[in-house]
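> Okay, here's the prediction I keep looking at, along with the sequence it came from:
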Amino acid sequence: MTETADSFFIRLQKVSHFFDQRLVFKDVDLRIKPGTVTLVAGPNGAGKTTLMKIISGLIGPSMGMVDLNVSRDKIAFLGHQTFIYSGLSALDNLKFWAGVYSIERSSQDFMDLLKIVGLKAFALEKAGNFSRGMSQRLSLARVLMLSPLLMLLDEPGTGLDAESRKILRENIVESSRNGSAIVWVSHTLEEDLDLSDAVIFLENKKVSFYGPTMDFKLRSQEKSVEN
C-alpha cells in the first residue's frame, strides 16, 4: 500500500456495540495509520477489550462501519493468554506456530527471534518452566514472527517483570519505526504515553477523548489543576 496522508490500516466509523440489550459504547470513530502507536485507555468496564476484538475481526460491531485496508494475515494479537505449549521448548513453540501459519523460517531465524526477546539462552528449555514474563516474551516472539502490519496488544504488560516490560516496549517502538501500526491497551498509561502518537479514551459508554498524545497530556494537566 502506498502511504499517503489518508492512508490507514483500519478505520472505524460510528461504531457502537451492545451485549444483549446493554450498551458497551457508541459512535466510536478511529483511524489507525501505518507507523503509529495508539493507546486505548479508560476505566474498567469501558469496553477496551471489546473495541480490540472489533478491530481484530473477532467480533463485528452492532452498528457502524469497519473498513480494513490490510490483509487479516498481517494482523497479530497479543493479550493475557500466551498461546504457548508448556511441553514444548521455546524453539519448538516457534516452529509449531510457524507450521500453523505456513511460514518458512530457518533455525537461525527462530534463534534470532528468541534473541530479540531475550530468550536465546533458554531456546531448548520447556516453556512450562518459564516465568510469566518469559512466557509473554515467547508469545511476543510468536507475534513478531508474523511480521504483522497491525499489532493489537491487550494489556500485554500485565504481570511482567521490569526486564520483560523493557523488552516489550523496545519492540513496540521498533515495530512502529518499521511501519507497523500498534493499538495498545495499557494498564500503566502514564508510563506508556511517551511511546504513543495518539490516545483514545473510553468512558461513560462513549469516547471522551481521541487525538494526539500531546493534546491528551494537556487535557490531563488541565483536569488536575481544576481538581
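Alright, I've got the coordinates. Residues are numbered from 1 along each chain as shown.

> quick one: the nearest residue to residue 149 once chain neighbours are set aside from residue 83, how far?
Take residue 149 and drop its neighbours on the chain: the residue closest to it by CB to CB, 6 or more residues apart in numbering is residue 74, 4.2 Å away. Just so you know, the C-beta spots here come from the backbone N, C-alpha and C atoms, and that holds for glycine as well. Distance of residue 74 to residue 83, computed by CB to CB, to the nearest Å: 18 Å.

> So in that sheet, which strands flank the helix or strand harbouring residue 27, and in what orientation?
Assigned by DSSP states H and E, residue 27 belongs to strand 22-32. Take DSSP bridges as the rule and strand 22-32 pairs in its sheet with strand 10-19 (antiparallel).

> and this protein, what are its domains?
Per automatic domain parsing, the structural domains of the chain span 1-70+149-227, 86-148.

> looking at those domains, which one has the lowest mean pLDDT?
Sorting the domains of the chain by mean pLDDT places domain 1-70+149-227 lowest, at a mean of 89.

> got the domains of the chain as JSON lines, with mean neighbour count and distance to residue 78 columns?
Below are those laid out as JSON lines (neighbours: other CB atoms under 10 Å; distance: least, CB to CB, whole Å):
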{"stretch": "domain 1-70+149-227", "mean neighbour count": "16", "distance to residue 78": "5"}
{"stretch": "domain 86-148", "mean neighbour count": "17", "distance to residue 78": "5"}
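
> Including distance to residue 79, could the ones you listed go into TSV?
Listed next are those as TSV, based on distance: least, CB to CB, whole Å:
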stretch	distance to residue 79
domain 1-70+149-227	4
domain 86-148	9
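
> if we can go back for a sec, mind listing residues that contact the strand holding residue 27?
8-18, 38, 46-47, 50-51, 55, 63-64, 150, 181, 183, 200, 202, 205-207, 210 (CB atoms under 8 Å, 6 or more residues apart in numbering).
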